[in-house]
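[1] With the input below, show me the fold.
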Amino acid sequence: MTLAVWLFVTAAFFIVYTLFLYPALLALLSRFCTRPVTRAFQPRTVTVLLPVHNGQQFLAAKLDSLLAMDYPSGAMNILVLSDGSTDDTAAIARQFASRGVVFYDLPHSGKAGALNAGLREATGEILFFTDVRQQMEPLCLRRLVECFADPSVGAVSGELCIRSGETQSEVSVGLYWKYEKLIRKWLSSLDSTLGATGCVYAMRRALAAPLPVGCLLDDVFLPLQAFFAGYRVVFDDTARVYDYPASLKNEFKRKVRTLAGNYQLLFYMPRLLGPSNRLWLHFVSHKLSRLLLPFLLLLALGAGLFLPAPWHLICTVPQVLFYLLAWLDLGLSDKNPLKKLTSPCRTFTVLMAASFCASSILFRPNAQFWVTTTHRRADK
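    The predicted structure follows:
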């Protein structure tokens, strides 16, 4: 076997394994090795941590949404953690003081710094983490708290429901998110997810630890504290929040940050790759392999060119056609029927580009990965 053949076969196998074989294996395992969660609503004190940076356009609606949740009066307190906001965030938050909302005007230090300030002030048995934009279902918090009746559960992630997209690009991004949620659901049924959904998760306060300065993924770092303490991190698709779909441009920015955060986690928690990680195989298959995918795709394309005839054409022409379809998508209108084929190709290519760019965290400051993104609903 020549070097080119060996490189191509190896790259192709790990690409197929990451994208298709591992999810299929996970789905199969989850059918026969399910660990149910014991659920019962036991009223617990909850501190809501809401970090905000210049969130005036969403804050009032968010606080109304939180205060409208079906949860016992007096058992929930809300902390608005303003990370150096320069807009009307402070004025809006203070309008809710009479309804029990506590506002903290903090110097700008990033989301991790704001959450650390909230952790110091939190008094509830349960911490509920959410972001400023998404709207809550009234039963969301109650559903999350029900899971803590199970003593093995240390953290619970809710479900982010993306509303229907208006463009084919938004629809394609939504399909990717559904694929990701299926993997989380299957992992949860086996043991634990490898993180949480940042805008809707809860954990036992006793298990939380301060975040490192510049941490990009609080919703993975904090749940992993519970995981490595021997608890489960579970996914509950009945605890829902709602958001509008993201454009591909915004999704690219978000994925660069989150995937860069995975590199960061390997530095913070090298035990993810050691024997103390009881889900080592799943971490490698789901998280680490995602970081390697763009490099494997480049390797498969490059090695394919040097395969013996006719395999060099059989193996490289489909790859080239796929990327040509992604490029063609740039010039097609949403009404063009080809868009349903080209848009998923472009979405996949852009997400792989984001994964490639995430590796720049090895030489870029962490703060550069936090970028302001526009939102379709806010632009209307």
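[2] My read is that residue 338 contacts residue 324, right?
    No - under the criterion of CB atoms under 8 Å, residue 338 is not in contact with residue 324, lying 12.0 Å apart. C-betas here are computed from N, CA, C, even on glycine.
[3] So in this protein, which helix runs the longest?
    Longest among the helix segments of the chain by residue count, using DSSP state H, is helix 168-190.
[4] Run through the neighbouring helices and strands of the helix or strand hosting residue 318.
    With elements delineated by DSSP states H and E, residue 318 resides in helix 311-328, which encompasses its position. Contacts defined by 3 or more CB pairs under 8 Å, 6 or more residues apart in numbering; DSSP states H and E place helix 311-328 against helix 289-304, helix 339-358.
[5] For residue 171, find the nearest of those.
    Each of the helices and strands packed on helix 311-328 has some distance to residue 171 by CB to CB; the shortest is helix 339-358, at 7.2 Å.
[6] what's the average pLDDT for that closest one?
    Confidence over helix 339-358, taken as the mean pLDDT, stands at 93.
[7] now the strands for the stretch 101-250 of the chain?
    Counting by DSSP state E, counting those that start in this stretch, residue ranges of the strands within the stretch 101-250 of the chain are 101-106, 126-129, 135-136, 153-162, 201-204, 232-243.
[8] Arrange these in CSV, one row each, with distance to residue 275 as further columns.
    Below are the strands of the stretch 101-250 of the chain laid out as CSV (distance: least, CB to CB, whole Å):
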stretch, distance to residue 275
strand 101-106, 39
strand 126-129, 29
strand 135-136, 39
strand 153-162, 20
strand 201-204, 24
strand 232-243, 19
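[9] I'd like the ones you listed as CSV, with mean neighbour count and mean pLDDT appended.
    CSV is the format used below for the strands of the stretch 101-250 of the chain (neighbours: other CB atoms under 10 Å; pLDDT from 0 to 100):
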stretch, mean neighbour count, mean pLDDT
strand 101-106, 18, 96
strand 126-129, 25, 98
strand 135-136, 20, 93
strand 153-162, 24, 94
strand 201-204, 26, 98
strand 232-243, 21, 95
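[10] any idea how far the longest helix of the chain is from the chain center?
    Relative to its chain's centre, helix 168-190 lies at 10 Å (CA atoms, centre = their mean, to the nearest Å).
[11] any low-confidence regions in the stretch 251-380 of the chain?
    Along the stretch 251-380 of the chain, the parts satisfying pLDDT under 70 run over 372-380.
[12] returning to that earlier point: quick one: work out the angle between the longest helix of the chain and strand 232-243.
    Using axes from the mean of the first three to the mean of the last three CA atoms, to 10 degrees, the interaxial angle of helix 168-190 with respect to strand 232-243 works out to 150 degrees.
[13] can you name the farthest residue from the center of the chain?
    Outermost residue of the chain with respect to the C-alpha centroid, by CA atoms, centre = their mean, is residue 309; its distance is 42.8 Å.
[14] hmm, back to that, export the helix holding residue 318 to PDB, keeping only CA atoms.
    Extracted as PDB, the C-alpha positions of helix 311-328 are listed here (Å, rounded to 0.1, in the frame of the first residue of the first chain):
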ATOM      1  CA  TRP A 311      -9.100   5.800  -8.200                       C
ATOM      2  CA  HIS A 312      -7.600   9.300  -8.200                       C
ATOM      3  CA  LEU A 313     -10.700  10.400 -10.200                       C
ATOM      4  CA  ILE A 314     -13.200   8.300  -8.300                       C
ATOM      5  CA  CYS A 315     -12.100   9.600  -5.000                       C
ATOM      6  CA  THR A 316     -11.400  13.300  -5.800                       C
ATOM      7  CA  VAL A 317     -14.100  14.300  -8.300                       C
ATOM      8  CA  PRO A 318     -17.000  13.900  -5.800                       C
ATOM      9  CA  GLN A 319     -15.100  16.000  -3.300                       C
ATOM     10  CA  VAL A 320     -14.400  18.700  -5.800                       C
ATOM     11  CA  LEU A 321     -18.000  18.700  -7.000                       C
ATOM     12  CA  PHE A 322     -19.200  19.000  -3.400                       C
ATOM     13  CA  TYR A 323     -17.100  22.100  -2.800                       C
ATOM     14  CA  LEU A 324     -18.200  23.500  -6.200                       C
ATOM     15  CA  LEU A 325     -21.800  23.200  -5.100                       C
ATOM     16  CA  ALA A 326     -20.900  25.100  -1.900                       C
ATOM     17  CA  TRP A 327     -19.300  27.800  -4.000                       C
ATOM     18  CA  LEU A 328     -22.300  27.900  -6.400                       C
END
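[15] hmm, back to that, mind giving me the packing neighbours of the longest helix of the chain?
    Of the remaining helices and strands, those touching helix 168-190 by 3+ CB pairs under 8 Å, 6+ apart are helix 22-32, strand 153-162, strand 232-243, helix 248-268, helix 339-358.
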